[in-house]
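**Student:** Turn this into a model:
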Amino acid sequence: MSQVNNNGTALTPTAARRFGEKLALIRRVDGLALRDVGQTAGVSAQYLNNIEKGTRLSPSSRVIARMGRAYLVPDETMADLLFEAKVMSALEQRGVKEPARTAIYEALERLLSESGTPIVTDVAEIIRRMLSR
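**Tutor:** The predicted model follows:
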């Protein structure tokens with residue numbers, strides 16, 4: 001089951017939960033409260049909590065970009081995280097089970113990197129970059 005947001009982006013509950021967990025970890029490392037991020041992003045703390053819990057399936061890309069600015073995370077990093085969630089959702093919707101789903105995504109990530117278009121979705125790497133700023 002998936003929901004579609006105003007951009008037509010469908011996320012499965014599993015992908016939305018994983019996406020939200022990553023965002024919550026980034027926020028906590030930054031020491032930010034939901035309320036503070038919500039003010040910067042222009043949405044309520046409850047809306048953000050729903051994203052982080054994976055119960056708000058696929059928020060708009062504009063909100064995700066504003067959340068990234070609140071975390072001081074580059075727009076492309078937030079776009080990469082959303083890209084991962086979309087790909088994982090698409091694979092799940094097509095019946096691809098774990099661990100094959102993750103293996104396919106990791107192969108795609110390697111191919112993109114080899115082609116000169118690397119994407120960063122590893123939370124440890126994102127946090128490392130945050131701490132070095």
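**Student:** could you show me where the helices are in the chain, in order?
**Tutor:** 13-29, 34-41, 45-53, 61-71, 75-93, 100-114, 123-131 (DSSP state H).
**Student:** could I get the ones you listed as CSV with mean pLDDT and mean neighbour count?
**Tutor:** To be clear about C-beta, it is placed using only N, CA and C from the backbone, and glycine gets the same treatment. Formatted as CSV, the helices of the chain follow (pLDDT from 0 to 100; neighbours: other Cβ atoms under 10 Å):
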stretch, mean pLDDT, mean neighbour count
helix 13-29, 94, 19
helix 34-41, 92, 17
helix 45-53, 94, 18
helix 61-71, 88, 18
helix 75-93, 93, 19
helix 100-114, 97, 13
helix 123-131, 87, 13
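**Student:** Got phi/psi on residue 116?
**Tutor:** Phi and psi for residue 116, reported as degrees, to the nearest 10, are phi 90, psi 10.
**Student:** what about it, neighbour count?
**Tutor:** Here the number of neighbours of residue 116 (other Cβ atoms under 10 Å) works out to 6.
**Student:** One more: residue 121?
**Tutor:** By other Cβ under 10 Å, neighbour count at residue 121 equals 21.
**Student:** Find me whatever residue is spatially closest to it, sequence neighbours aside.
**Tutor:** residue 84 (4.4 Å; Cβ to Cβ, 6 or more residues apart in numbering).
**Student:** Is it correct that residue 126 is in contact with residue 74?
**Tutor:** No. Using Cβ atoms under 8 Å, residue 126 is not in contact with residue 74; the gap is 9.5 Å.
**Student:** got any residues that touch both of those two?
**Tutor:** Common contacts of residue 126 and residue 74 (Cβ atoms under 8 Å, 6 or more residues apart in numbering): none found.
**Student:** who are the neighbours in contact with the closest residue to residue 41 other than its chain neighbours?
**Tutor:** Among residues not flanking residue 41 along the chain, residue 66 sits closest, at 3.9 Å (Cβ to Cβ, 6+ apart). Residue 66 sits next to 40, 41, 42, 43 when contact means Cβ under 8 Å, 6+ apart.
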